[in-house]
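Visitor: sequence-free structure coming up:
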């Protein structure tokens, strides 16, 4: 946990919003940089509030996004996505 949010979520969220804010400020787009920083602060406070009750909830959101992105073609056909700990591809035994 870092500042009340799981570390992996914090790093992804910071990379998505704070790095573009830094470049916007460097190229003299201060209002855009300020808007991105305000969005980051609001999102961080929201994630901190969610993880106060259940520390795994934000990680479950990230897992849901990852599974939905990976199974997009199947989701269009069947309307669902699933996650399993094992890969069901053909395994080779040496």
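Guide: Here it is on my side, so go on. On a predicted model such as this, the values are computed, not experimentally measured, just so you know. Residues are numbered from 1 along each chain as shown.
Visitor: alpha carbons only for contacts and neighbour counts from here, please
Guide: Will do.
Visitor: which parts of the longest helix belonging to the chain are buried?
Guide: Longest helix in the chain, counting residues (DSSP state H): helix 30-53. For helix 30-53, a neighbour-count test (16 or more other Cα atoms under 10 Å) marks 32, 33, 34, 36, 37, 40, 44, 47, 48, 50, 51 as buried.
Visitor: Please tell me I have it right and the third one contacts residue 22.
Guide: No. In this structure residue 34 lies outside contact range of residue 22 using Cα atoms under 8 Å: 9.6 Å.
Visitor: okay, and the common contacts of these two?
Guide: The overlap between the contact sets of residue 34 and residue 22 (Cα atoms under 8 Å, 6 or more residues apart in numbering) is empty.
Visitor: and the residue positioned nearest the centre of the chain, what does it touch?
Guide: Compute the mean C-alpha point of the chain, and by Cα atoms, centre = their mean the closest residue is residue 62, 5.0 Å away. Residues near residue 62 by Cα under 8 Å, 6+ apart: residue 9.
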